[in-house]
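>>> below are the sequence and a predicted model; questions follow.
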Amino acid sequence: MPDFVIPFKPGIYRKCLTSFLLLGLALFLSACATGNRLTPAQVELSGDGGEVAIVWDSMPRTAPLPPLDHAALLLPVHFGSSEEKIFYMQLDLGHASTVFYSNKWKAIAEKYQFVNSGDKLAAINFKLGDMQVLAKNISIMQHEGTDIDWSKGNIEVIGTIGADLIDGRVVVLDFKKDIVQFARERQGLHSANSKFQPFSFSGRRIVMPVTFDGEEKTVMYDSSSGALSWISNEKTFQRLAKKDARPAAFAIRPWDKILTAHTVETSAEVTVGGIRLPVKEISYIEDVGFLQELAISGLGSAGMVGNKLFLGKKLIIDTRKLEIALEE
């Protein structure tokens with residue numbers, strides 16, 4: 001069972017329930033997508049950490065929405081020497097465990113003579129940028145797609161890096177320089193006037209405090225939700241839609257589950273760590289209505305947020321001290 005204790009002192013019961021419901025929604029979406037429960041993986045970085053450059057994947061959207069240049073946050077990994085082919089994995093801090101995709105892993109295992117042990121890897125070493133990674137108990141997920149193209153110029157996404165990579169560490173998502181930094185301590189990674197706030201990391205889900213719609217609330221941060229800036233419920237979606245704005249519906253695909261997202265422009269703003277941010281677009285997801293309404297209700301939750309909200313900013317997440325900060 002995951003630990004649902006929330007580190008916020010005021011209103012602890014209410015916030016525990018809020019976080020539980022958010023976690024339940026996230027787990028529900030993951031269960032819909034994966035069809036099973038994953039055993040938590042263990043992913044360790046050697047040394048004190050380092051930094052790696054972000055590669056952004058783009059995505060077209062239904063008119064009147066513009067295409068997205070920051071649809072997926074990809075990080076480079078490789079298994080052999082640095083001269084060999086570089087692969088990519090999506091950084092998904094909304095998913096508790098790192099996984100490889102079955103259709104890609106089979107080809108990699110044959111190429112590098114890894115033991116292909118069905119749906120689970122006891123241990124595997126690979127490099128994330130220049131950092132050595134030891135991954136244990138990694139699941140091999142069924143995933144649609146073709147075999148690997150071994151030419152060096154194309155982007156092959158072979159899996160997902162989950163929140164297990166940052167468990168007990170500091171991660172800095174620098175969306176100004178388009179780099180991700182990993183460290184044991186946050187010293188030297190933030191400015192002197194950064195305003196750190198407590199957040200929840202229960203079940204390896206990042207639930208942070210915000211001020212939204214004039215009230216103190218919480219949101220879950222999901223770094224894989226690049227296509228969506230703010231995910232709320234249908235009622236909030238309708239209330240905060242910009243007057244005369246035309247909503248659009250388009251398909252999103254978490255894992256191999258196809259869902260429909262409804263998105264519309266909004267003038268709403270949110271304050272994170274003392275910084276006011278325009279939400280710009282608000283969305284709700286079809287076919288998860290009951291749990292979505294339950295999780296995003298009058299219990300202090302405002303929904304889920306993706307990377308789009310923080311573009312041009314620097315997000316610092318310290319899972320050791322359970323504190324989070326945002327910098328301009």
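Cool, got the structure. Numbering: from 1, shown residues only.
>>> what about residue 251, distance to residue 263?
As defined by Cβ to Cβ, to the nearest Å, residue 251 lies at a distance of 12 Å from residue 263. Where you see a C-beta, it was placed from the backbone N, CA and C, and this is true even at glycine.
>>> with neighbour numbers in mind, choose between those two.
Taking neighbours as other Cβ atoms under 10 Å, residue 251 and residue 263 compare with residue 263 leading, 25 against 11.
>>> what lines up beside the strand or helix carrying the more buried one in the sheet?
Using DSSP states H and E, residue 263 sits in strand 259-265. In the sheet, strand 259-265 lines up against strand 248-252 (antiparallel), strand 281-285 (antiparallel) (DSSP bridges).
>>> and the first one, C-alpha only, in CSV?
Taking Å, rounded to 0.1, in the frame of the first residue of the first chain, the C-alpha atoms of strand 248-252 are listed here in CSV:
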residue,chain,number,x,y,z
ALA,A,248,-11.4,21.7,-29.4
ALA,A,249,-11.3,18.0,-28.9
PHE,A,250,-8.4,15.7,-29.7
ALA,A,251,-7.1,12.3,-28.9
ILE,A,252,-4.4,11.7,-26.3
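>>> now the residue nearest to residue 87 when sequence neighbours are not counted: which helix or strand?
Of all residues not flanking residue 87 in the chain, residue 158 sits nearest, at 4.6 Å (Cβ to Cβ, 6 or more residues apart in numbering). For residue 158, the element it lies in under DSSP H and E is strand 157-161.
>>> off-centre distance for the helix or strand just after that strand?
Next in sequence after strand 157-161, counting helices and strands by DSSP H and E, comes strand 170-174. Chain-centre distance of strand 170-174: 12 Å, with Cα atoms, centre = their mean, to the nearest Å.
>>> what is the helix or strand that comes right after strand 170-174 packed up against?
Proceeding N to C from strand 170-174, the next assigned helix or strand is strand 179-183, under DSSP H and E. Using 3 or more Cβ pairs under 8 Å, 6 or more residues apart in numbering; DSSP states H and E, the elements in contact with strand 179-183 are strand 49-53, strand 170-174.
>>> whichever helix or strand comes after strand 179-183 pairs with which strands?
Next helix or strand after strand 179-183 toward the C-terminus (DSSP H and E): strand 197-198. Neighbouring strands of strand 197-198 in its sheet, by DSSP bridges, are strand 323-327 (antiparallel).
>>> hang on, residue 309 in a helix?
Yes. Judged by DSSP: H, G, I helix; E, B strand; the rest coil, residue 309 forms part of a helix.
>>> buried set for stretch 113-132?
121, 124, 126-129, 131 (16 or more other Cβ atoms under 10 Å).
>>> any chance of TSV for these, columns pLDDT and distance to residue 323?
What follows is the buried residues of stretch 113-132, written out as TSV (pLDDT from 0 to 100; distance: Cβ to Cβ, whole Å):
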residue	pLDDT	distance to residue 323
121	85	33
124	88	31
126	93	30
127	93	29
128	94	24
129	87	25
131	92	23
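>>> among the residues you listed, which pair sits farthest apart?
Maximum pairwise distance among those (Cβ to Cβ): 20.8 Å, between 121 and 129.
>>> just the element for the closest residue to residue 226 other than its chain neighbours, please.
Spatial nearest neighbour of residue 226, chain neighbours left out: residue 71 (4.4 Å); criterion: Cβ to Cβ, 6+ apart. Here residue 71 sits within strand 68-78, counting by DSSP H and E.
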